[in-house]
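Asks: Sequence and predicted structure below; questions after.
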Amino acid sequence: MNTTIEKVNFLQNVELFAEFPTEQLSYLAAIAEIESYDSGEELFAIGDPSGHLFMIISGEIEMVRKGKVSQTLTKNAAVGVLGFFDREPRLFNAVCKSPCQVLVIDADDFFDLLEDKVYITVHLLRYFVAQLRSFYNEQNPEKLQ
């Protein structure tokens, strides 16, 4: 997965970016890098700065807090989304359960891109509002009409 086209094809399967037009994904693919990690290696630890978004190409990543695995993420999952967008320190350890290959987007590069490509921001807002709406509906089923 070295070409922009391969990265775009991959990004289309990541929920966070699934509704993005191909042209907008090509801008993201251009700033994304592929990294490999060994089993047991950490992508980040609790309290680390949140400077990158990771998307799993292959392998499994466990999200660990207080010694407990809260979630195991696999192919096409985005890892570190909250910290990436709010720039707050990491809330979990992200540990590779198996050898992993990930697509990484640097936060500084991403936010520079947003300044030039407003359409990306529009799609992100739609995604996050849909997530909030879904969460609200799950918590308040009696309010659905």
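Replies: In hand now; what should we look at? Keep in mind that what you see is a predicted model, and the values were worked out from it rather than measured.
Asks: and the longest helix for this protein?
Replies: Among the segments of the chain that qualify as a helix by DSSP state H, the longest is helix 118-139.
Asks: Just the mean pLDDT for it, thanks.
Replies: Confidence over helix 118-139, taken as the mean pLDDT, stands at 81.
Asks: How about stretch 42-59?
Replies: If you average the per-residue pLDDT over stretch 42-59, you get 96.
Asks: so how far is that stretch from its chain's centroid?
Replies: Distance of stretch 42-59 from the chain centroid (Cα atoms, centre = their mean, to the nearest Å) equals 9 Å.
Asks: Quote the end-to-end distance of that stretch.
Replies: 13 Å (Cα to Cα, to the nearest Å).
Asks: Please identify which helix or strand holds V95.
Replies: Taking DSSP states H and E as the definition, one finds V95 inside strand 93-96.
Asks: So which elements touch the helix or strand following that strand?
Replies: The C-terminal neighbour of strand 93-96 among helices and strands, as given by DSSP H and E, is strand 100-106. Here strand 100-106 touches helix 4-11, helix 22-31, strand 32-37, strand 52-58, going by 3 or more Cβ pairs under 8 Å, 6 or more residues apart in numbering; DSSP states H and E. (Glycine included, C-beta is placed from N, CA and C.)
Asks: re the thing from before, ok, residues contacting the longest helix of the chain?
Replies: With contacts defined as Cβ atoms under 8 Å, 6 or more residues apart in numbering, helix 118-139 is touched by 16-17, 19-21, 24, 27-28, 113-114, 143-144.
Asks: ok, which pair from those is furthest apart?
Replies: In these, the most distant members under the criterion Cβ to Cβ are Y27 and K143, with 38.2 Å between them.
Asks: And those two? Which one has more around it.
Replies: Neighbours around Y27 and K143, counted as other Cβ atoms under 10 Å, are more numerous at Y27. The numbers are 19 against 8.
Asks: and that one, what does it touch?
Replies: 113, 117, 120.
Asks: now the residues you listed: which count as buried?
Replies: Among those, the ones that count as buried by 16 or more other Cβ atoms under 10 Å are 113, 120.
Asks: got the contacts of Y27 as JSON lines, with distance to F135 columns?
Replies: Shown next, in JSON lines, are these (distance: Cβ to Cβ, whole Å):
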{"residue": "L113", "distance to F135": "27"}
{"residue": "K117", "distance to F135": "27"}
{"residue": "I120", "distance to F135": "23"}
